[in-house]
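Engineer: Pasting the sequence and the predicted coordinates here, then a few questions.
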Amino acid sequence: MPMTEKPFAPACERNREPILAVLRDFFADRRHVLEVGSGTGQHAVRFAAALPQLTWQASDRAEYLPGIRAWLDEAALPNTPAPFELDVARGPWPAGPFDAVFSANTLHIMAWPEVEAFFAALPAIASADAKLAIYGPFNHAGQFTSASNAAFDAELRARAPHMGIRDDAAVDALAAAAGFVLVDDVAMPANNRTRLWRRA
C-alpha cells in the first residue's frame with residue numbers, strides 16, 4: 001500500500017513520545033504485549049521500534065486492519081506479527097499468554113459494556129504477573145479534570161451517546177475484579193493520564 005494511503009492520526013504523533021517514556025520503564029521487563037485497539041497502527045510501529053525486546057501484537061476490529069498492516073508492512077520490524085482481528089465485546093481474543101496489555105484512547109470510544117468486556121477478558125489471556133497500561137482522559141471522583149475534557153466529553157456524546165470519558169474509580173474497580181492492582185497514575189500532556197496496573 002502506498003504511503004499516502006496509510007491512515008494518520010495527529011494525536012498519535014503528539015502523544016507517542018510521552019507514552020513511550022512511560023512504557024520504556026513500565027514494560028522494561030516485558031516480552032509479549034497485546035495492544036487492544038491499535039487504530040491507525042502508528043503507536044505499534046513507534047513502540048515496537050523503540051522497545052525491540054517486545055513482541056508487539058497489534059489488534060483491532062476488522063475495518064482497521066488494512067491501515068495497521070500498511071504501517072507494519074512499511075516499517076518491516078521483526079517484532080510486529082500480523083495484526084489480530086479483535087472485537088472486545090465479541091472476541092475471539094488471541095490465546096496469549098501476554099505479559100503486558102496496552103490500550104490508548106479506547107475506553108471513551110467503547111460503550112461501557114465493551115469496557116467491562118475488555119477487563120473481563122484479561123484473566124484468560126494475561127500471564128500471572130502481567131502488566132496493564134491504559135492511556136487517555138479520565139474523570140476523577142465523578143468530575144471532569146479540566147474544561148477541555150468536559151468539552152471533549154460533550155463532543156463524544158454528541159457523536160454517539162454510548163461514548164464518554166470514564167471515571168478512574170469505575171475503571172479501577174473493573175481492573176480489580178480482573179485481578180489487577182493500580183500501581184501508578186501518570187499525568188500526561190493535554191489532560192490525559194497513563195494508568196498502570198499489575199496483576200496481583
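Structural biologist: Sure, I can see it.

Engineer: my guess is residue 165 contacts residue 139, does it?
Structural biologist: Yes - contact between residue 165 and residue 139 holds when scored by CB atoms under 8 Å: they sit 5.3 Å apart. C-beta here means a position set from N, CA and C on the backbone, and glycine is covered the same way.

Engineer: Give me the common contacts of these two.
Structural biologist: Common contact partners of residue 165 and residue 139 (CB atoms under 8 Å, 6 or more residues apart in numbering): residue 149.

Engineer: Give me the longest strand you can find in the chain.
Structural biologist: Criterion DSSP state E: the longest strand present in the chain is strand 126-136.

Engineer: mind listing what that strand pairs with, with the direction of each?
Structural biologist: Here strand 126-136 is paired, per DSSP bridges, with strand 98-104 (parallel), strand 192-199 (antiparallel).

Engineer: neighbouring contacts of the shortest one?
Structural biologist: Taking CB under 8 Å, 6+ apart as the criterion, the residues outside strand 98-104 that touch it are 12, 15, 19, 23, 27, 30-37, 39, 43, 47, 54, 57, 118, 122, 125-127, 129-136.

Engineer: for stretch 84-97, same thing?
Structural biologist: Contacts of stretch 84-97 (CB under 8 Å, 6+ apart): 32, 34, 36-37, 57-62, 65, 110-111, 113-114, 117-118, 121, 124-127, 130.

Engineer: at 7 Å instead, please
Structural biologist: 34, 36, 57, 59-62, 65, 110, 113-114, 117-118, 121, 124-127 (CB atoms under 7 Å, 6 or more residues apart in numbering).

Engineer: So which of these are in strands?
Structural biologist: Using DSSP E, the contacts of stretch 84-97 in strands are 34, 36, 57, 59, 60, 126, 127.

Engineer: Just list whatever residues bridge to the fifth one.
Structural biologist: It stands for residue 60. With DSSP bridges as the rule, residue 60 is bridged to residue 85.

Engineer: For it, report the pLDDT, please.
Structural biologist: At residue 60, the model reports a pLDDT of 98.

Engineer: surely it meets residue 40?
Structural biologist: No - here residue 60 does not reach residue 40: they are 9.4 Å apart, not a contact under CB atoms under 7 Å.

Engineer: elements contacting the helix or strand of the chain with the lowest mean pLDDT?
Structural biologist: Every helix and strand in the chain was compared by mean pLDDT, DSSP states H and E; the lowest is helix 10-26, with a mean of 94. Using 3 or more CB pairs under 7 Å, 6 or more residues apart in numbering; DSSP states H and E as the contact test, the elements touching helix 10-26 are helix 42-50, strand 126-136, strand 192-199.

Engineer: from the chain's centre, how far out does the helix or strand that comes right after the longest one sit?
Structural biologist: Right, the one you point to is strand 126-136. Once the chain leaves strand 126-136, the next helix or strand it forms, by DSSP states H and E, is strand 138-139. Taking CA atoms, centre = their mean, to the nearest Å, one finds strand 138-139 lying 15 Å from the centre of the chain it belongs to.
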